[in-house]
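In: What shape does this take:
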Amino acid sequence: MPYNVTSSSTNIEWYSQCGQKLIDAYAEGFNSNFSAEHQQFHLYVHHKFSATKNVKTRFSHAELYKIILEDNIECAFPNVDIDFRIFLTLMVTNCTAEH
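Out: A predicted model of the protein is given here:
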C-alpha cells in the first residue's frame, strides 16, 4: 500500500496504532517516541515535497526509506529508520498447499 503524505488525521491515528503493535512485537528495538517520530517524518516528507512544488503525494515504502538515506536523516528518525529496515527485509510469501 503506498504511503500518502496528504493523509488525514484518521490515517495518522491508524499508523500510530500499527506502530504501537510494532513496538509491542519488537520492544527492545524501539523507544516510546515512535508514534511522535513517525508523525514528524510524515510532516518532513510533506514539507519537503510541497516546498519543491513537486506534486507527488504517494510514496512506496522503499521510496520513503530512500529519502531517509539520501537526506542523511537516520539520526533524526532512528525509530522510523529501524521500522523501514525491518519492513523492507521481511520476506513476503504467499504459499498454498496442494492436496
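In: Please count neighbours and contacts with C-alpha atoms only from this point.
Out: OK.
In: Helix or strand with the lowest mean pLDDT in the chain?
Out: strand 3-4 (a mean of 59; mean pLDDT, DSSP states H and E).
In: So for the following helix or strand past that one, what gets flagged as buried?
Out: Scanning forward in sequence from strand 3-4 by DSSP states H and E, the next helix or strand is helix 9-25. For helix 9-25, the neighbour count (16 or more other CA atoms under 10 Å) marks 12, 16, 19-20, 23 as buried.
In: between whichever helix or strand comes after helix 9-25 and helix 9-25, what angle do the directions make?
Out: The helix or strand immediately downstream of helix 9-25 is helix 34-51, counting by DSSP H and E. Following axes from the mean of the first three to the mean of the last three CA atoms, to 10 degrees, one obtains 140 degrees for the angle between helix 34-51 and helix 9-25.
In: Including pLDDT and distance to residue 88, could the buried residues of helix 9-25 go into TSV?
Out: Formatted as TSV, the buried residues of helix 9-25 follow (pLDDT from 0 to 100; distance: CA to CA, whole Å):
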residue	pLDDT	distance to residue 88
12	67	20
16	72	19
19	73	15
20	77	18
23	76	17
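In: what's the closest of those to residue 51?
Out: Nearest to residue 51 out of the buried residues of helix 9-25 is residue 12 (CA to CA; 21.3 Å).
In: OK, contacts around residue 29?
Out: Going by CA atoms under 8 Å, 6 or more residues apart in numbering, residue 29 touches 23, 82.
In: Give me the pLDDT value at it.
Out: Per-residue pLDDT puts residue 29 at 70.
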